[in-house]
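Chemist: need a structure here:
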Amino acid sequence: MSRVGRVERNTKETSVVVEIDLDGSGKVDVSTGVGFYDHMLDQLGRHGLFDLTVKTEGDLHIDSHHTIEDTALALGGAFKQALGDKVGIYRFGNCTVPLDESLAQVTVDLSGRPYLVHTEPEKMAPMIGEYDTTMTRHILESFVAQAQIALHVHVPYGRNAHHIVECQFKALARALRYASERDPRAAGILPSTKGAL
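Modeler: This is a model prediction of the structure:
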């Protein structure tokens, strides 16, 4: 059964279309107008082995905030839609990813309950191109709110802002991949004692 999610989000600030296939091969076609954000979404698709299409047009003449935020909201909604009833998935996933001097540890629970814990080094460059580095946490908040997952992201150390952000997206991709994959030993079983996720 196909596990594809598609969300269109249109406001006075942005126009966003996101489509994700959880059982893809890492094929990515992303365009948000924010180069570094495109690079991060590319990491998400490729390392998660998700086929991911993102087309965003936003009010970049103001700044990149609305474009980045609304894309993350749509991505979370599409991910939730693609998960479907969650029967037979692993549900939990974690991954630790180094990128030179930086390290990211990500743990996810596809629980149906949105919750984010996020820590990263406080002192790092404020901008990477047109990307405001304070937006990383807000991207995760927005994604979690719509995907309805519990997400813990911890970067215990790192110096280079590019590396600090990128290792988070790579680890997130892998953790989401592991959590959303089908468990061959749990076919037809919902991974919850509550009977609902």
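Chemist: need the pLDDT of V17.
Modeler: Listed pLDDT for V17 reads 98.
Chemist: neighbouring contacts of the helix or strand hosting it?
Modeler: Per DSSP states H and E: V17 is located in strand 14-21. With contact meaning CB atoms under 8 Å, 6 or more residues apart in numbering, strand 14-21 is reached by 2-10, 45, 50-59, 66-67, 70-71, 73-75, 77-79, 82. For the C-beta atoms, the positions are set from N, CA and C on the backbone; glycine is no exception.
Chemist: let's see it as PDB, backbone CA atoms only.
Modeler: C-alpha atoms of strand 14-21 as PDB (Å, rounded to 0.1, in the frame of the first residue of the first chain):
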ATOM      1  CA  THR A  14       3.500  31.800   1.100                       C
ATOM      2  CA  SER A  15       2.400  29.100  -1.300                       C
ATOM      3  CA  VAL A  16       3.600  25.700  -0.500                       C
ATOM      4  CA  VAL A  17       3.300  22.200  -2.000                       C
ATOM      5  CA  VAL A  18       4.900  19.200  -0.300                       C
ATOM      6  CA  GLU A  19       4.700  15.600  -1.300                       C
ATOM      7  CA  ILE A  20       6.600  12.800   0.500                       C
ATOM      8  CA  ASP A  21       6.800   9.000  -0.200                       C
END
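Chemist: now that strand: buried residues?
Modeler: Across strand 14-21, burial judged by 16 or more other CB atoms under 10 Å covers 14, 16-21.
Chemist: give me the subset of the contacts of strand 14-21 lying in helices.
Modeler: 45, 66-67, 70-71, 73-75, 77-79, 82 (DSSP state H).
Chemist: quick revisit: now do the strand holding V17: distance to the chain's middle.
Modeler: 13 Å (CA atoms, centre = their mean, to the nearest Å).
Chemist: one step back: just the closest of the ones in helices among the contacts of strand 14-21 to Y115, please.
Modeler: Comparing the ones in helices among the contacts of strand 14-21 against Y115 with CB to CB places F79 closest, at 15.5 Å.
Chemist: who are the contact partners of the nearest residue to the closest one once chain neighbours are set aside?
Modeler: Excluding its sequence neighbours, the residue lying closest to F79 (CB to CB, 6 or more residues apart in numbering) is A147, at 4.7 Å. Residues near A147 by CB under 8 Å, 6+ apart: 75-77, 79-80, 114.
Chemist: same deal with A196?
Modeler: 112, 190.
Chemist: mind checking how far the residue lying closest to L176 once chain neighbours are set aside is from Q168?
Modeler: Distance criterion CB to CB, 6+ apart; nearest residue to L176, sequence neighbours excluded, is G48 at 5.4 Å. Distance of G48 to Q168, given as CB to CB, to the nearest Å: 13 Å.
Chemist: over to M135?
Modeler: M135 is 12 Å from Q168, by CB to CB.
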